[in-house]
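Engineer: fold the following for me, if possible:
(chains A, B, C and D)
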Number of protein chains: 2
Amino acid sequence: MKDGVDRRSRILTTAGELFAARGVQTTTVREIGDAVGVLSGSLYHYFDSKEEIVLEIVSAFIGELRDRSLSVAASTSEPVSCLRELFAATTDVLLAHQDACLIYQNDATCLNTWPGFRPLADQMREIHLIWAGVVEDGVEAGHIRVEVDPSLFAYLAIDSICDSLNWSRSVDGVGFATVANICTEVLLSGCLNQ
Amino acid sequence: MKDGVDRRSRILTTAGELFAARGVQTTTVREIGDAVGVLSGSLYHYFDSKEEIVLEIVSAFIGELRDRSLSVAASTSEPVSCLRELFAATTDVLLAHQDACLIYQNDATCLNTWPGFRPLADQMREIHLIWAGVVEDGVEAGHIRVEVDPSLFAYLAIDSICDSLNWSRSVDGVGFATVANICTEVLLSGCLNQ
DNA sequence: GTCTATATTGAGATAGAC
DNA sequence: GTCTATCTCAATATAGAC
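Structural biologist: Numbers count the residues shown, from 1 in each chain, chains lettered A, B, ... in the order given. Down below sits the predicted model:
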């Protein structure tokens, strides 16, 4: 209990920044300790392993993304509006979990080799199915082009919004929110009829 | 000299598959040796380091992608046709370098920490500038919507085509070429005027 | 050119004093 | 709850015989 925020949270935040910037495997527990201002061994008072730190960061992100996506899909029946709201909700959640999203994106291959990541991979699949379902409804309602495979568009949309984080750090003068909005507009108008 | 193909090439191919499937850092030189049918130490007769193996695989991919993109941009003046041809050329190059592309995508954070990757990162920036230039021409010619930031669209397009590789392995019954084509159509019609 | 054997390093993690 | 000190292990890479 210090600094106004408890140490455990500080470790999660700091580790998240390092993991996002340099990758999970490249970041050592010693670097995390240094950045927090504590010896690496002391981290193990709060966490059982480095893996546990990563999973806690990423699960907060994926969990919230799933909950928000579910509630959007449940509350909006018109497919195209619903799709637009899914974009907005996703952008919103990413804003609050930028490091976690970067970790998930950039270290997916690594995370997928961890048995402890299974439940999170399942949640991501759930999110993907929510999007694909909405797109499918849109196709059936005649608003979305039939050539657009729902499952594929779901991947395209979700990954693009997540990638916006990376891009907004490379394109100067343009913030993440703006980048995400442009992605949304391009992808939406690219999938709609006429 | 064996199997009709020399061992050095076999090492590159096999290592590429492993790196693409499980990540660069997760794959050990012992696993590569096992897969090739040779002891890990013997790999060092052909390469100075594991890093060198990775860089050789990825540089073949990025080099070809750069050359093809340059020649497309040089030979086609009408922006929208040129953009369409960039999509096609990129899809084409990826088909021949699937593993390399997956490595580049999934281990970018790791590669970026290697000094030896610098020149390849520069080549990728070159490719990005080619795309952005073409999009900018399209905006000025009035064919592409002004809201579409050229640099951003370049990221969106290139990353989406590369990601198609991952997606085509998840969406069953749809090959990479089809996935890449749908991406191309959605992104093109999403950025064009009217 | 491939092997056996091993050097070397750096990482995650632990034990126990304070 | 943090430190000192260290264990353990796995990975890259090397030396030298065959």
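
Engineer: what's the helix or strand for the nearest residue to residue A:83 once chain neighbours are set aside?
Structural biologist: Once flanking residues are discounted, residue A:83 sits nearest to residue A:134: 5.4 Å by Cβ to Cβ, 6 or more residues apart in numbering or on different chains. C-beta here means a position set from N, CA and C on the backbone, and glycine is covered the same way. Here residue A:134 is covered by helix A:118-140, with elements defined by DSSP states H and E.

Engineer: what's the helix or strand for the nearest residue to residue A:89 once chain neighbours are set aside?
Structural biologist: Sequence neighbours aside, residue A:68 is the residue nearest to residue A:89 in space, at 4.6 Å (criterion: Cβ to Cβ, 6+ apart). Secondary structure assigned from DSSP H and E places residue A:68 in helix A:50-75.

Engineer: close to DNA strand C, is that helix?
Structural biologist: Yes. Contact of helix A:50-75 with DNA strand C (Cβ under 7 Å from any atom of the strand) involves A:50-51.

Engineer: checking the residue lying closest to residue A:139 once chain neighbours are set aside next. Helix, strand or coil?
Structural biologist: Among residues not flanking residue A:139 along the chain, residue A:146 sits closest, at 5.8 Å (Cβ to Cβ, 6+ apart). Using DSSP: H, G, I helix; E, B strand; the rest coil, the structure places residue A:146 in coil.

Engineer: distance-wise, check residue A:146 relative to residue B:188.
Structural biologist: Distance, residue A:146 to residue B:188, by Cβ to Cβ, to the nearest Å: 17 Å.

Engineer: the more surrounded of those two?
Structural biologist: residue B:188 (17 against 9; other Cβ atoms under 10 Å in any protein chain shown).

Engineer: picking that back up, what's the following helix or strand after the helix holding residue A:68?
Structural biologist: Scanning onward from helix A:50-75 (DSSP H and E), the first element met is helix A:79-96.

Engineer: look up the pLDDT of residue A:2 for me, please.
Structural biologist: At residue A:2, the model reports a pLDDT of 47.

Engineer: oh sorry, the question was meant for residue A:5
Structural biologist: We note a pLDDT of 85 for residue A:5 in this prediction.

Engineer: with the one 10 residues further on instead?
Structural biologist: Here the pLDDT value assigned to residue A:15 is 98.

Engineer: okay, now it: neighbour count?
Structural biologist: Around residue A:15 there are 27 residues (other Cβ under 10 Å).

Engineer: spell out which residues of chain A are next to DNA strand D.
Structural biologist: A:2, A:7, A:33, A:38-42, A:45.

Engineer: which of these are close to chain B?
Structural biologist: Among the residues of chain A next to DNA strand D, no residue lies close to chain B (Cβ under 8 Å from any Cβ of the partner chain).

Engineer: buried subset of those residues?
Structural biologist: Neighbour counting by 16 or more other Cβ atoms under 10 Å in any protein chain shown classes A:7, A:33, A:38 among the residues of chain A next to DNA strand D as buried.

Engineer: just to revisit the earlier point, please tell me I have it right and the residue nearest to residue A:83 contacts residue A:69.
Structural biologist: No. Using Cβ atoms under 8 Å, residue A:134 is not in contact with residue A:69; the gap is 9.5 Å.

Engineer: name the helices or strands packed onto whichever strand or helix holds residue A:151?
Structural biologist: Following DSSP H and E, one finds residue A:151 within helix A:150-168. In terms of contacts (3 or more Cβ pairs under 8 Å, 6 or more residues apart in numbering or on different chains; DSSP states H and E), helix A:150-168 is packed against helix A:79-96, helix A:98-106, helix A:118-140, helix A:176-191, helix B:150-168, helix B:176-191.

Engineer: how deep is residue A:154 tucked in, by neighbour count?
Structural biologist: Neighbours around residue A:154, by other Cβ under 10 Å: 24.

Engineer: report pLDDT for the residue nearest the centre of chain A.
Structural biologist: For chain A, residue A:101 is the residue whose C-alpha lies nearest the centre (Cα atoms, centre = their mean; 3.7 Å). Per-residue confidence (pLDDT) for residue A:101: 98.

Engineer: ok and the residue in chain A nearest chain B?
Structural biologist: residue A:190 (2.5 Å; Cβ to the nearest Cβ).

Engineer: where's that residue relative to residue B:187, distance?
Structural biologist: Residue A:190 is 6 Å from residue B:187, by Cβ to Cβ.

Engineer: same thing with residue A:46?
Structural biologist: 45 Å.

Engineer: mind listing what residue A:155 touches?
Structural biologist: By Cβ atoms under 8 Å, 6 or more residues apart in numbering or on different chains, the residues touching residue A:155 are A:128, B:163, B:166-167, B:170-171.

Engineer: which two of the residues you listed have the greatest separation?
Structural biologist: A:128 and B:163 (13.4 Å; Cβ to Cβ).

Engineer: more neighbours, these two?
Structural biologist: Comparing residue A:128 with residue B:163 by other Cβ under 10 Å, the one with more neighbours is residue B:163, at 21 against 17.

Engineer: still on that earlier bit, mind listing what the residue nearest to the centre of chain A touches?
Structural biologist: Counting by Cβ under 8 Å, 6+ apart, residue A:101 has contacts A:61, A:94, A:162, A:165.

Engineer: what number of residues lie near residue A:97?
Structural biologist: 21.

Engineer: where does chain A have low pLDDT?
Structural biologist: Chain A contains residues with pLDDT under 70 at A:1-4.

Engineer: so which residues on it come close to chain B?
Structural biologist: A:22-23, A:25-26, A:106-110, A:113, A:147-149, A:151-153, A:155-156, A:159-160, A:163, A:166-167, A:170-171, A:174, A:179, A:182-183, A:185-191.

Engineer: what about burial for the residues you listed, which qualify?
Structural biologist: Of the residues of chain A next to chain B, these count as buried by 16+ other Cβ under 10 Å: A:22-23, A:25-26, A:106-110, A:148-149, A:151-153, A:155-156, A:159-160, A:163, A:166-167, A:171, A:174, A:179, A:182-183, A:185-188, A:190-191.
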